[in-house]
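Asks: return atomic coordinates for the entry below.
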Amino acid sequence: MSEPHEPIPQEMIDAITKTFVISHADDPDDRLARALVYNAGRLAWRMREAGLTTEYKTSVSDVVTAADRAAEGFVAGALRALRPDDGLLGEEGAASPSASGRVWVIDPVDGTYNFTTGSDYWCSALALVDGDPDEVADDRGGRLLLGAVHRPAMGYTWFGGPDHPTTRDDRRLTVPDVAAGETCLGGYLRPADMTVPAVRDPWVACVEQFATWRMLGAASVDLGDVADGHTGCWLQASVKSWDWLPGKALVEGAGGVCRRVTAAGRQWSVAGAPTAVDAVVDTLTRHS
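Replies: Numbers count the residues shown, from 1 in each chain. Okay, here's the model as predicted:
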């Protein structure tokens, strides 16, 4: 990576946001969502190329940069101007109450550790829900409306939802139904959890059913690949709403299924081909 420079001044972020608002004042939600993640991703990309300082939250792998904050500030600022009655929930702290009942859930840079190391496996993501995001994530209430994910290094954008057939750059996607043994499992398990038998054992029991598995560290990219049919199933414990809802929308809009189940004292999120998801949920349930 380049040597760190001073972060982009707030006045410049404000100017970028103002220009975006003028250009997208009449956009419907679907077009607006795609434009927001595209521009947030490009902003973060440009900031990384200019050089960034990494800050640590709870560990070496739990990080944040000025690009995360700037991209979230841009998205939040644009939505406050263009959708003033809607609420906001952002990973980096953006929050606004909802007068409409709708909430935009923002993950400005998903896969920040990858982002800071120069990897291309990261994205900008958001979801729109009607209701409380945590209840929507758990299927306890409300409704998931749409999700959008832009992967800057590849230049493409996924978009979809339960009522929006999922696309990648306008190409319709369908999740093929495959058995676990015929496909790949994606997801992530924290290194510390591998030393806890009650958590590790159900995870291993799930993994060993699959032909192969991958851990790449950006949930929304992972779930976009599930919607694309590149990965048959995805499994992760203790997933935050901003890491789950954008990709959940993509998978469901492509005909896949998304489930949450509690096992070993953890909440597990599972998404993908119906047959493979059923096998994972059954395995986790036996360990609950």
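Asks: where does pLDDT dip in this structure?
Replies: 1-9, 52-64 (pLDDT under 70).
Asks: domains in it, as residue ranges please.
Replies: 10-172, 180-287 (the TED database).
Asks: starting at the chain centroid, how far to the first one?
Replies: For domain 10-172, the distance between its averaged C-alpha position and the chain's averaged C-alpha position is 9 Å (CA atoms, centre = their mean, to the nearest Å).
Asks: repeat that for the last one.
Replies: Its chain's C-alpha centre lies 14 Å from the corresponding centre of domain 180-287 when counted by CA atoms, centre = their mean.
Asks: how about Trp268, what does it touch?
Replies: Trp268 is in contact with Pro202, Leu235, Gln236, Ala237, Arg260, Val261, Thr262, Leu284, counting by CB atoms under 8 Å, 6 or more residues apart in numbering. All C-beta atoms are positioned from the backbone trio N, CA, C, and that covers glycine.
Asks: gap between Ala25 and Ala35?
Replies: 11 Å (CB to CB, to the nearest Å).
Asks: higher neighbour count, these two?
Replies: The residue with more neighbours, out of Ala25 and Ala35, is Ala35; 18 against 10, by other CB atoms under 10 Å.
Asks: mind saving the C-alpha coords of the helix or strand that contains the more buried one as PDB?
Replies: Taking DSSP states H and E as the definition, one finds Ala35 inside helix 29-50. C-alpha atoms of helix 29-50 as PDB (Å, rounded to 0.1, in the frame of the first residue of the first chain):
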ATOM      1  CA  ASP A  29     -34.800   3.000  -4.600                       C
ATOM      2  CA  ASP A  30     -33.300   0.300  -6.800                       C
ATOM      3  CA  ARG A  31     -31.300   2.700  -8.900                       C
ATOM      4  CA  LEU A  32     -30.300   4.800  -5.900                       C
ATOM      5  CA  ALA A  33     -29.000   1.700  -4.000                       C
ATOM      6  CA  ARG A  34     -26.800   0.700  -6.900                       C
ATOM      7  CA  ALA A  35     -25.400   4.200  -7.400                       C
ATOM      8  CA  LEU A  36     -24.700   4.600  -3.600                       C
ATOM      9  CA  VAL A  37     -22.600   1.400  -3.300                       C
ATOM     10  CA  TYR A  38     -20.800   2.100  -6.600                       C
ATOM     11  CA  ASN A  39     -19.800   5.600  -5.500                       C
ATOM     12  CA  ALA A  40     -19.000   4.500  -1.900                       C
ATOM     13  CA  GLY A  41     -16.700   1.700  -3.200                       C
ATOM     14  CA  ARG A  42     -15.000   4.000  -5.700                       C
ATOM     15  CA  LEU A  43     -14.400   6.600  -3.000                       C
ATOM     16  CA  ALA A  44     -12.900   4.000  -0.600                       C
ATOM     17  CA  TRP A  45     -10.700   2.700  -3.500                       C
ATOM     18  CA  ARG A  46      -9.300   6.100  -4.300                       C
ATOM     19  CA  MET A  47      -8.600   6.700  -0.700                       C
ATOM     20  CA  ARG A  48      -6.700   3.400  -0.400                       C
ATOM     21  CA  GLU A  49      -4.600   4.300  -3.400                       C
ATOM     22  CA  ALA A  50      -3.700   7.600  -1.800                       C
END
